[in-house]
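Engineer: no FASTA, just this:
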């Protein structure tokens, strides 16, 4: 009997996929993830609220609204009440939109609008760091102020209660209340966040004005300091590339406005790093699309910039808000440590390069990969510059040490009370050190003062050599200047960096050698 093979296509036997029939359940615990687990650094709460304030101010600019009063954003800390208040004078939120906008989750109206925040979760960041979170706002022309309060003590109790069966909707309605206030005492147009009874965390970081100011100088869209030499040129260039104007942000700590982290110089253990210039760059992919614009500061690269300066690293920004930290591009350098030797930042402008939810990196995409490829070239160039300048410093240091050594040898060679053979060896050693300086001078540019000192040393050595040549004329005694004596003295004096300590031994050896010579 002949066998018959019938192919069976398994996919033809499967049922076609169906749409889900069950309702999607979003439990109450999602709010804990959004409020507490999203961010590792407590100071991120300031970034999130400043980011929303910057969006509001940008929208006010688009609408042609006057940005008064100034500063446009203010941060007040009340240590007695453990209260933080962040207020902006942007567009504010209308009374009709106030409650639905501030109680929604992941439903921001900003997506696709070209604004900084668009996921609709950043405003919840304060829930994890205070007992009560309050939002207030008012739009131009409104007589009243709307207020929303979150009771975080009740919220935490419900989240810890395993028997609580309410949904996310039930929980929000239980812990949040909304009310209308008289507009008396409030600006005609504003939005503010107030965190009451701020928790103590990491040495009370959230109430530390110094740390807050430093943090905001890194991440916030603030202007360059007036005394930053390259600030006006960089600001003009960034504006020409479409980067929005910075905002005036005041931290009420007695030090006025917050300025960008850039400065003219920083001090570290390696010495003072002075920035000589700022190079502006526009980064494009192979298709010619603009990916990012930015700048890199030029300096001598004497070592890693100190972390306390907040200036180390090539940073990335979107909407003039920093994404990630000083190590975000470390993997692109030939040695990751070189990332902290550089200083600069790039504003990502391509719409398909998007920060992730935590803003500690970017969503992976082909376009982001293209940006990294371009930045890898820049990082490789910087790495080579660091190596080249390090090699230059090494050669210059070797030249300086050689000059110092030649000076020491020359001092011995000039001492007339010293044995002539020792003086002869010392002059030869001084000459050898001068030759080392000449060798380095071919590769690096040495300081004029150093070259002048070398010329003087060369003249002194030449004079001593001439004197020894005169003394070695036929008929003159050359006792102790045999090849053996010179070799012995050279070995003794070269065995230590402190020639003076070896002189007595060299003298005794020469005396012993001379004693063996027949008179």
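Structural biologist: Here it is on my side, so go on. This structure is a prediction, so every number in the text was calculated from the model and none was measured.
Engineer: for the closest residue in space to residue 428 that isn't next to it in sequence, what are its contacts?
Structural biologist: Closest residue to residue 428 apart from its sequence neighbours, by Cβ to Cβ, 6 or more residues apart in numbering: residue 490 at 7.6 Å. Where you see a C-beta, it was placed from the backbone N, CA and C, and this is true even at glycine. Shown in contact with residue 490 (Cβ atoms under 8 Å, 6 or more residues apart in numbering): 425, 428-429.
Engineer: residue 490 in helix, strand or coil?
Structural biologist: When classified by DSSP: H, G, I helix; E, B strand; the rest coil, residue 490 comes out as helix.
Engineer: name the residues that touch stretch 374-385?
Structural biologist: By Cβ under 8 Å, 6+ apart, the surrounding residues in contact with stretch 374-385 are 281, 283-285, 291, 296, 301, 314, 329, 332-335, 338-339, 341-342, 346.
Engineer: the residues you listed in helices, which ones?
Structural biologist: Residues of the contacts of stretch 374-385 located in helices (DSSP state H): none.
Engineer: strands - which of the residues you listed land there?
Structural biologist: Residues from these lying in strands, with DSSP state E as the criterion: 281, 283-284, 291, 296, 314, 346.
Engineer: of those residues, which is the nearest to residue 458?
Structural biologist: Checking the ones in strands among the contacts of stretch 374-385 against residue 458 with Cβ to Cβ, the nearest one is residue 296 at 41.7 Å.
Engineer: give me the nearest residue to residue 488, chain neighbours excluded.
Structural biologist: The shortest distance from residue 488 to any non-neighbouring residue, by Cβ to Cβ, 6+ apart, is to residue 509 (5.5 Å).
Engineer: how far out from the middle of the chain is the strand or helix carrying the one you found?
Structural biologist: Here residue 509 sits within helix 499-515, counting by DSSP states H and E. In terms of Cα atoms, centre = their mean, to the nearest Å, the centre of helix 499-515 is found 58 Å from the chain centre.
Engineer: in the stretch 151-300 of the chain, which spans are helices?
Structural biologist: Remark: helices assigned in the stretch 151-300 of the chain by DSSP state H, counting those that start in this stretch are 152-160, 168-175, 209-219, 231-240.
Engineer: quick check: which of those helices is nearest to residue 420?
Structural biologist: Set against residue 420 and scored by Cβ to Cβ, the helices of the stretch 151-300 of the chain come closest in helix 231-240, at 64.9 Å.
Engineer: give the buried residues for the closest one.
Structural biologist: Residues of helix 231-240 classed as buried: 231, 234-235, 237-238 (neighbour count, 16 or more other Cβ atoms under 10 Å).
Engineer: same check, this time on stretch 195-206
Structural biologist: 195-196, 198, 205-206.
Engineer: now do stretch 413-421
Structural biologist: The neighbour-count criterion (16+ other Cβ under 10 Å) identifies 413, 418-421 as the buried residues of stretch 413-421.
Engineer: quick one: residues in contact with it.
Structural biologist: Contacting residues not belonging to stretch 413-421 are listed as 412, 423-424, 426-427, 430, 460-461, 464, 468, 471, 480-481, 485-486, 489, 503, 506-507, 510 [Cβ under 8 Å, 6+ apart].
Engineer: just the buried ones from those, in PyMOL syntax?
Structural biologist: Applying 16+ other Cβ under 10 Å to the contacts of stretch 413-421 leaves a buried subset, and the PyMOL line that selects it is:
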select buried, resi 412+423+424+426+427+430+460+461+464+468+480+481+485+486+489+503+506+507+510
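Engineer: so where's the protein shaky on pLDDT?
Structural biologist: Within the chain, the ranges that satisfy pLDDT under 70 run 1-6, 8-14, 22-28, 32-39, 106-120, 470-481, 517-519.
Engineer: go through it and flag its longest helix.
Structural biologist: Per DSSP H, the chain has its longest helix at helix 366-414.
Engineer: I'd like the next helix or strand past it.
Structural biologist: Remark: after helix 366-414, the chain's next helix or strand is helix 420-441, criterion DSSP H and E.
Engineer: just checking the distance from that next one to the centre of its chain.
Structural biologist: Centre to centre, stretch against its chain (Cα atoms, centre = their mean), the figure for helix 420-441 is 46 Å.
Engineer: now do stretch 406-424
Structural biologist: Relative to its parent chain, stretch 406-424 has a centroid offset of 53 Å by Cα atoms, centre = their mean.
Engineer: how long is it end to end?
Structural biologist: One end of stretch 406-424 sits 13 Å from the other (Cα to Cα, to the nearest Å).
Engineer: neighbouring strands for the stretch of helix or strand residue 74 belongs to, and are they parallel or not?
Structural biologist: For residue 74, the host element (DSSP H and E) is strand 73-78. For strand 73-78, the paired strands and their directions (DSSP bridges) are strand 83-88 (antiparallel), strand 249-251 (parallel).
Engineer: now do it: everything it contacts.
Structural biologist: If you take Cβ under 8 Å, 6+ apart as the criterion, strand 73-78 is touched by 46, 50, 53-54, 57, 83-89, 207, 209, 212, 216, 247-253.
Engineer: would you say residue 56 is within a helix?
Structural biologist: Yes: according to three-state DSSP, residue 56 belongs to a helix.
Engineer: what's the nearest residue to it if we skip its chain neighbours?
Structural biologist: In this structure, residue 56 finds its nearest non-sequential neighbour in residue 90, 2.6 Å apart by Cβ to Cβ, 6+ apart.
Engineer: residue 142 too?
Structural biologist: With sequence-adjacent residues excluded and distances taken as Cβ to Cβ, 6+ apart, residue 142 is closest to residue 95, at 6.0 Å.
Engineer: count of residues packed around the one you found?
Structural biologist: When neighbours are counted by other Cβ atoms under 10 Å, residue 95 registers 16.
Engineer: thinking again about what came up before, how close does the residue nearest to residue 488 sit to residue 427?
Structural biologist: 19 Å (Cβ to Cβ, to the nearest Å).
Engineer: do the same with residue 128
Structural biologist: To residue 427, residue 128 is 76 Å away according to Cβ to Cβ.
Engineer: OK, contacts around residue 272?
Structural biologist: Counting by Cβ under 8 Å, 6+ apart, residue 272 touches 265-266.
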